[in-house]
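> got a predicted structure here, sequence first:
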Amino acid sequence: MSKHYIKPISLQPISWSKSNTYSLNQENYTKIIYWWNSLPQKTVIWDVFSAFDKKPLLRDVLVIESTFVDNLTFCWCKQGLNHWNTLNPQHLALDYLKEELSIITNSENWFLYNHKITILS
């Protein structure tokens, strides 16, 4: 897969849900993985929200060193660190115009979190 991401012709937001079986779900998942794999060497804002808050619980501006997806696990490494981080999404939403991916996850106690990754450069 090419490391050079090219914006698609259609800039409509797309989504994927772990529990959904509609026909475009897998196609959208593939497009989202392609976008995710374009993040290395880009600066992003990474916000983490709880399901009930409008203000982020955590905000970080970071450079993504590398990414990959293993089955349904999204993995990334922050530049300068040798530590892999992982997320297991329940729902993904990609907004091409905002260059923003929302990853909805749940914790061990089933508390929902929204990880919002926005490309700065």
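That came through fine.
> report the central residue of the protein.
The chain has Leu101 as the residue nearest its centroid, 4.5 Å off, counting by Cα atoms, centre = their mean.
> give me the sheet partners of whichever strand or helix holds that one and which way each runs.
Using DSSP states H and E, Leu101 falls within strand 100-106. Strand 100-106 has the following strand partners under DSSP bridges: strand 91-95 (antiparallel), strand 112-119 (antiparallel).
> what's it in contact with?
For strand 100-106, contacts defined as Cβ atoms under 8 Å, 6 or more residues apart in numbering pick out 32, 35-36, 74, 87-95, 112-119. Any C-beta I mention is one placed from the backbone N, CA and C, and that applies to glycine too.
> please redo it, this time with the cut-off set to 6 Å
87, 89-94, 112-118 (Cβ atoms under 6 Å, 6 or more residues apart in numbering).
> wait, which of those residues is closest to Ser15?
Ala93 (4.5 Å; Cβ to Cβ).
> do you know the pLDDT at that closest one?
At Ala93, the model reports a pLDDT of 97.
> adjust the sequence numbering to begin at 6 for everything that follows.
Understood, numbering begins at 6; the last thing we discussed is Ala98.
> before we move on, back to that, what sits opposite the residue nearest to the centre of the chain in the beta ladder?
For Leu106, the beta-bridge partners are Leu99, Ile122 (DSSP bridges).
> with that, I have no additional questions.
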